[in-house]
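Participant: Okay, here's the prediction I keep looking at, along with the sequence it came from:
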Amino acid sequence: MTDLEALAELIFPDITDTIDDLEKRYPKRQLNNGAIVARFAPSPTGFLHTGSLFATLIAWRFPAQTSGVFFTRLEDTDTKREIEGSGEELLKQLEAFGIVPNEGYMGDYEKGNYGPYKQSNRANIYKTVIKDFIKKGLAYPCFCSSEEVNELRKYQEAHKLNPGYYGQYAKCSTLDPKVAMQRIKNHEPYVIRFRSQGNYQNKIKITDLIRGNLELAQNDQHIVILKSDGLPTYHFAHLVDDHFMRTTHVTRGEEWLPSLPIHYELFEAAGWEKPNYAHLPVIMKLDNGSRRKLSKRKDPEASVSYFLENGYPVEGVLEYLVTIANSNFEEWRLQNMNANIFDFKLSFDKMTLDGALFDLAKVKNICKERLARLNKDEFTKKAYEFAKKYDNNLKELIERDENFFKEIINIEREKDNPRKDYETFKDIYPIINFFYSDLYEKLLENELPFNYERFTNQTIIKVLEAFKNDMGLEYDEENWFNNLKKVTEQCGFCSNVKEYKKNKDLYPGHVGDISEIIRIAISTRKNTPNLYYVLKILGKEEVTKRINKIIERLS
RNA sequence: GGCCAGCUGGUGAAGUGGUUAACACAUCGCCCUCUCAAGGCGACAUUCGCGGGUUCGAACCCCGUGCUGGCUACCA
């Protein structure tokens, strides 16, 4: 046994697997040519960030477009920052957006043959690879304390040297394995470092699917690959996991771009094929004139729960994210207003390079458009889903009489240019509440917005009486309006607005004023959807009741 | 400080040597209209971070420079 082998045995006496064993246990995936295997690999450090949702969307769609595999992996190697239960929460929120992994960490269980999918349960796999690395001299134990490393950094900074543990400063890299073994036997604490062969002066060519070809300095850092707590660092976990989980495309935030040379060297040292890399732009926010990352602490819209709680339709949010991902999407949408968003094929080369500023106004606009294009059944179903969780008033309304609800929200829906009343499901209740008699009664407690400056109570009563006696609800919309014009004239008002504007003195008001009086009487509001449909839905009897009530109140 | 990336209107952006610098959101007008929501029409970058250069011609090519963001951990 060589010294290095002895060292490896001393450090990992319990590891009996070899790399070959792992290769067999996690064989290459049998997939079609061009199938993409990508993953979402969150750290359980809090609720889902809007930027993570963006990254997930991309990691999810590419496999979906190529009959590949989208899996989740929980990167819980930083035990200090971990927030209990957030892993499960992350998966739930993803599901709320319709994103369900094909395999991987699913919250309370795992699915698939390439697990475990929780890094804390993969310690032995990492150790197997590290044991091999040590035997080959690619990794070594380092006994330097964090104080020593800090001192080194200070010294390097003072002397304008590149900081870090590398080259001549990598003290433990030249330690005789025999000495190392002795120190381990003496229970000295240590970490495992990677022995870099790189030279910072050399450039390596790397390829990013989004950014194209780049040149970066070779890595020369002897990075820590196994922390003193026995868990790997990100870099090493990435190497091992994405190799043995057979990831073909690593999609991640652009903050990883600078460490790409480390990953390249790691893959080359292991002798494994590198995955493709796509470094995604980060979603930004304008703050006092400067850009910064969307921050969960400062920006409510940085947490996807914000959208869920406020009733944004998930397809609207997703669609917005697609517009930032591929700007040619908007053009496509214009041609395909009613198509499913995922009929659009995302591509890496159309992806934006700089971090987009998050534009809530645009999100709202898209949501409004999407909500308008849902048919009444879909709309009701989704509204109810939302209401059950976040809007009791709305929930009660839908449960009370689903068909009545559908009738209301179906006003001028299901046509080429549907009404766009709602940006979010939260908007529904305050817009439609007056349709319900008991809620209408409640609204009556407020002052009614009649135009008392122009019309006396007597005039309003006269108009309401006239309308009550001849509503014209038996006609279609056009003839109903003609009938209303007739009533208008009976009241001495002008049935033509233009005409009225020319001779204001001849009439007390015009047909629009009549409409407003009726509208306020039956809804307590100045603005409602098309009056004809509102009247039709309420029905003659209810309208009569409401009008009588108002007449009584004004008398 | 060093390294990397990015910089086209308020926002997302198209654009790769010759365009009136697309389109969408927002904003502001006007029109339509029984209100609202829409819809229609129009305005909104004399100019592509800035300065030079190459060229008959530059947002696009070259050289400088500035700004913004990221990285520079036993965090991911």
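Facilitator: Good, I have the coordinates.
Participant: At which residues are the helices of the stretch 351-500 of chain A located?
Facilitator: Assigned by DSSP state H, counting those that start in this stretch, the helices in the stretch 351-500 of chain A fall at A:360-372, A:376-390, A:392-400, A:402-409, A:428-432, A:437-443, A:457-469, A:477-490, A:497-502.
Participant: Those: which one's closest to A:Phe450?
Facilitator: A:Phe450 sits nearest to helix A:457-469 of all the helices of the stretch 351-500 of chain A, at 5.9 Å, using CB to CB. (Each C-beta comes from the backbone N, C-alpha and C, glycine too.)
Participant: same for that closest one, what does it pack against?
Facilitator: Packing partners of helix A:457-469 (3 or more CB pairs under 8 Å, 6 or more residues apart in numbering; DSSP states H and E): helix A:477-490, helix A:511-523, helix A:531-554.
Participant: Export the helices of the stretch 351-500 of chain A as JSON lines, with columns for mean pLDDT, mean neighbour count and distance to RNA strand B.
Facilitator: What follows is those, written out as JSON lines (pLDDT from 0 to 100; neighbours: other CB atoms under 10 Å; distance: least, CB to the nearest atom of the strand, whole Å):
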{"stretch": "helix A:360-372", "mean pLDDT": "94", "mean neighbour count": "18", "distance to RNA strand B": "4"}
{"stretch": "helix A:376-390", "mean pLDDT": "95", "mean neighbour count": "17", "distance to RNA strand B": "14"}
{"stretch": "helix A:392-400", "mean pLDDT": "95", "mean neighbour count": "16", "distance to RNA strand B": "19"}
{"stretch": "helix A:402-409", "mean pLDDT": "95", "mean neighbour count": "17", "distance to RNA strand B": "13"}
{"stretch": "helix A:428-432", "mean pLDDT": "94", "mean neighbour count": "19", "distance to RNA strand B": "9"}
{"stretch": "helix A:437-443", "mean pLDDT": "93", "mean neighbour count": "14", "distance to RNA strand B": "16"}
{"stretch": "helix A:457-469", "mean pLDDT": "91", "mean neighbour count": "18", "distance to RNA strand B": "12"}
{"stretch": "helix A:477-490", "mean pLDDT": "90", "mean neighbour count": "16", "distance to RNA strand B": "5"}
{"stretch": "helix A:497-502", "mean pLDDT": "83", "mean neighbour count": "12", "distance to RNA strand B": "5"}
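Participant: Nearest to A:Asn199, out of these?
Facilitator: Across the helices of the stretch 351-500 of chain A, A:Asn199 has its closest neighbour in helix A:360-372 (47.0 Å, CB to CB).
Participant: Residues touching that closest one, excluding its own?
Facilitator: A:301, A:307, A:312-313, A:315-317, A:319-320, A:323, A:379, A:413, A:418-425 (CB atoms under 8 Å, 6 or more residues apart in numbering).
Participant: what number of residues lie near A:Asp3?
Facilitator: A:Asp3 has 12 neighbours, counted by other CB atoms under 10 Å.
Participant: err, A:Ile125, not the other one
Facilitator: Using other CB under 10 Å: A:Ile125 sits among 21 other residues.
Participant: surely it meets A:Phe244?
Facilitator: Yes: using CB atoms under 8 Å, A:Ile125 is in contact with A:Phe244, at 6.8 Å.
Participant: Can you pull the residues that touch both of those two?
Facilitator: Residues touching both A:Ile125 and A:Phe244 by CB under 8 Å, 6+ apart: A:Leu22.
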